[in-house]
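1. turn this into a structure:
(2 chains)
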Protein chains: 2
Amino acid sequence: MRLELLGASFLALAALTAAAPAQDPLPSWNDGAAKKAIVDFVQATTTQGGAQFVPPAERIATFDQDGTLWVSHPMYSQVVYCLDRVPAVVKAKPELANVEPFKTVLSGNREAIAKLPMPELEKILVATLTGMSVDEFTAQVREWLAKARDPRWKRPYTELTYQPMQELLAYLRANGYKTYIVTGGGQDFVRVYSEQTYGIPPEQVVGTIGGTKYGYDKDGKPFLTKEPKLLLNDDHAGKPEGIHLMIGRRPRAAFGNSTGDQQMLEYTKAGEGARLAMLVLHDDAEREYAYGPARGLPDTKIGTFPPALYDQANKDGWVVISMKDDWKRIFAFEP
Amino acid sequence: MRLELLGASFLALAALTAAAPAQDPLPSWNDGAAKKAIVDFVQATTTQGGAQFVPPAERIATFDQDGTLWVSHPMYSQVVYCLDRVPAVVKAKPELANVEPFKTVLSGNREAIAKLPMPELEKILVATLTGMSVDEFTAQVREWLAKARDPRWKRPYTELTYQPMQELLAYLRANGYKTYIVTGGGQDFVRVYSEQTYGIPPEQVVGTIGGTKYGYDKDGKPFLTKEPKLLLNDDHAGKPEGIHLMIGRRPRAAFGNSTGDQQMLEYTKAGEGARLAMLVLHDDAEREYAYGPARGLPDTKIGTFPPALYDQANKDGWVVISMKDDWKRIFAFEP
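-> Predicted structure coming up:
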């Protein structure tokens, strides 16, 4: 009797599921090659008994963040964070006020700040990203995220995620894919907001990794201090290295937008069976930004997409997403 | 109509669930303080609306491996692996045959091998754990696991897991906990068998981490090479550091058996709300091994559990599991 009831229940549920109207899981994507590549890949890898079926445990999808999931122009938001933190750092150590590069950053002279050479910029990163406890750092980033506004849209940075990519994340997860961020940004920085912003938990954020040091406070309570020790630069070749370190499996699908993602896409496509590799091309100056320099777009130092990467994409079967043509809308806050 | 059907289905399913007999999720545990601590913790942290309820996303449980999940005496199985690999290494590089420490290992003289000083042992680790591609290494470990037998039980090492701990892993997972291994052993080594042996996927293995290097083979296919570069020694203070690196959240529950787990348990217990910290004490020479030297047990260099750790456990509310008294059976293969 009970088993029959159970059977009846399942049949009733199955009927309901079958009767539900088929909803487009990617409503912000225009119909075209990019959307088709995504849907075909998901259907091929999740169809039981199909030649390209992938067991759920192996469904790993990795996403670059800056320029792939959210806006990275005119400057990476983490760099803005570091510059914004300088006054607090100098307040705690007043002797830095007249020392470069802190002096230039405090001046607020944007042109001079933009010209700071890399070793000087690194001093800012070390001063604002290390030396504090992990919990203090999280609190500092949270506080900044609540107040900081993007200069163009005057919105919190966490609202500047691409709606089509949010739909893609949700679509992959609904089909059993574990979604990871694989970013050149700081792992601890991105973890502060990844769950709320993308539905990606901290343990699924792979980023540039600094060491921490275990110690005890005056009451004997243990805590971790962020050390100025680079364990992994999660960019270019560092991306597949970081994927191996943090995940230990080769992704089935990978998404990027620039040369920093090249090796992650190569590594993903080098695996057997169905693999999906996609690159977002920023060709929409009106709704977001336009930069390449592939396809005659303006050159850029932030998220560069050169002609050679475009050629590699065509040669290796990576799908280029045209922001302008493939995305019906860019942001959730658009009407 | 459809909604009513759905309601009826759920009611029928709920009735079935309620009618099912309550099964003991920990049948290999004797009733006692250890089993009670586990069940109380799980009930407190999973009861909706309870004062100690923990949201599913934060349910993280970390387990040391050697001596906590499986047998680590008379020697860590990974060390046995490294020694067993030496003939293959020397076959590939015959010039090593007369060079120490390879010469001693090849001699098979167990006493001499046991006396090898740490720097010499490290040469063995470097020669057998690095220099090959990640895929080659995985294949080598798989091949060894299939053939190697523990000297006492004459069984594959992967059968020497503790049945009570397997039940604990399954019980925690059934209650929404994500289970992680946090081991001093090599992360890549343990990942080869963790899913099959413990139901723990590679991305949930935190271990001692070596760097990898991205490159291309002669056909231009990318691969990762295991480098002799230590990124994290996941033991003692390295355990909370590794947990932060790999998970980015503080565990709610942590399980160990020796001084190498002390900091992981401290870090776990220092968090707010309900936390569970447990240590396995090997006090059962008949069914497994007996070593401490806590509670007058024989001293050991492998998985030492000194009186100071025992005192800290009592002081800080960590629960000591007596293998002899708390475990009804040790291995799944026992009658």
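2. residue of the stretch 51-200 of chain A with the smallest distance to chain B?
-> Nearest residue of the stretch 51-200 of chain A to chain B (CB to the nearest CB) works out as residue A:191 at 4.9 Å. (Glycine included, C-beta is placed from N, CA and C.)
3. correct me, but that residue touches residue A:202?
-> Yes: using CB atoms under 8 Å, residue A:191 is in contact with residue A:202, at 4.0 Å.
4. what's the overlap in contacts for the two?
-> Jointly contacting residue A:191 and residue A:202 under the rule CB atoms under 8 Å, 6 or more residues apart in numbering or on different chains are residue B:248.
5. quick one, helices of the stretch 201-335 of chain A?
-> With DSSP state H, counting those that start in this stretch, the ranges of helices along the stretch 201-335 of chain A come out as A:238-246, A:262-269, A:307-316, A:323-326.
6. tabulate these (TSV), appending mean neighbour count.
-> As requested, the helices of the stretch 201-335 of chain A are exported to TSV (neighbours: other CB atoms under 10 Å in any protein chain shown):
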stretch	mean neighbour count
helix A:238-246	26
helix A:262-269	24
helix A:307-316	14
helix A:323-326	18
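7. can you add mean pLDDT and give those back as CSV?
-> Shown next, in CSV, are the helices of the stretch 201-335 of chain A (pLDDT from 0 to 100):
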stretch, mean pLDDT
helix A:238-246, 98
helix A:262-269, 98
helix A:307-316, 98
helix A:323-326, 98
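8. can you pull out the strands in chain A?
-> A:60-63, A:178-186, A:205-216, A:222-232, A:253-256, A:276-281, A:319-322 (DSSP state E).
9. for the second one, what is the average pLDDT?
-> In other words, strand A:178-186. For strand A:178-186, mean pLDDT rounds to 98.
10. which residues touch it?
-> Contacts to strand A:178-186, defined as CB under 8 Å, 6+ apart, come from residues A:59-66, A:69, A:76, A:78, A:129, A:169, A:172-173, A:190, A:194, A:198-200, A:204-208, A:210, A:233-235, A:238-239, A:242-243, A:246-247, A:251, A:254, A:260, A:264, B:203.
11. report the distance from it to the chain centre.
-> Here strand A:178-186 is found 5 Å from its chain centre; the criterion is CA atoms, centre = their mean, to the nearest Å.
12. that strand vs strand A:222-232, what angle?
-> 80 degrees (axes from the mean of the first three to the mean of the last three CA atoms, to 10 degrees).
13. quick one: the residue most central in space within chain A from residue B:104, how far?
-> In chain A, the residue lying closest to the centroid (CA atoms, centre = their mean) is residue A:65, at 1.9 Å. Here residue A:65 is placed at a distance of 50 Å from residue B:104 (CB to CB, to the nearest Å).
14. equivalent analysis for residue A:190, please.
-> Using CB to CB, one gets 48 Å for the distance from residue A:190 to residue B:104.
15. so for the two, which sits in the more crowded spot?
-> The residue with more neighbours, out of residue A:190 and residue B:104, is residue A:190; 26 against 16, by other CB atoms under 10 Å in any protein chain shown.
16. surely that one and residue A:205 touch.
-> Yes: with contact defined as CB under 8 Å, residue A:190 and residue A:205 form a contacting pair (5.1 Å).
17. name the residues of the stretch 101-250 of chain A found near chain B, please.
-> Residues of the stretch 101-250 of chain A lying close to chain B by CB under 8 Å from any CB of the partner chain are A:134, A:178, A:187-188, A:191, A:195, A:201-203, A:205, A:209, A:211-214, A:221-224, A:231-232, A:237-238, A:240-241, A:244-249.
18. filter those down to the buried ones.
-> Neighbour counting over these (16 or more other CB atoms under 10 Å in any protein chain shown) leaves A:134, A:178, A:187-188, A:191, A:201-203, A:205, A:209, A:211-212, A:214, A:222-224, A:231-232, A:237-238, A:240-241, A:244-249 as the buried ones.
19. contact partners for residue A:36?
-> Applying CB under 8 Å, 6+ apart, no residues qualify as near residue A:36.
20. show me where pLDDT drops low in chain A?
-> Low-confidence segments of chain A (pLDDT under 70): A:1-21.
21. switch to 90 and redo it
-> Low-confidence segments of chain A, defined by pLDDT under 90: A:1-22, A:110, A:114, A:118, A:335.
22. what about residue A:109, how many neighbours?
-> Residue A:109: 11 neighbours (other CB under 10 Å).
23. still on that earlier bit, my guess is the residue nearest to the centre of chain A contacts residue A:189, does it?
-> No: the criterion here is CB under 8 Å, and residue A:65 misses it with residue A:189 at 10.2 Å.
24. still on that earlier bit, okay if I get the strands of chain A as a markdown table plus distance to residue B:290?
-> Converted to a markdown table, the strands of chain A look like this (distance: least, CB to CB, whole Å):
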| stretch | distance to residue B:290 |
| --- | --- |
| strand A:60-63 | 43 |
| strand A:178-186 | 42 |
| strand A:205-216 | 31 |
| strand A:222-232 | 31 |
| strand A:253-256 | 50 |
| strand A:276-281 | 54 |
| strand A:319-322 | 61 |
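25. so for residue B:327, which of those strands sits nearest?
-> Among those, the nearest to residue B:327 by CB to CB is strand A:222-232 (29.8 Å).
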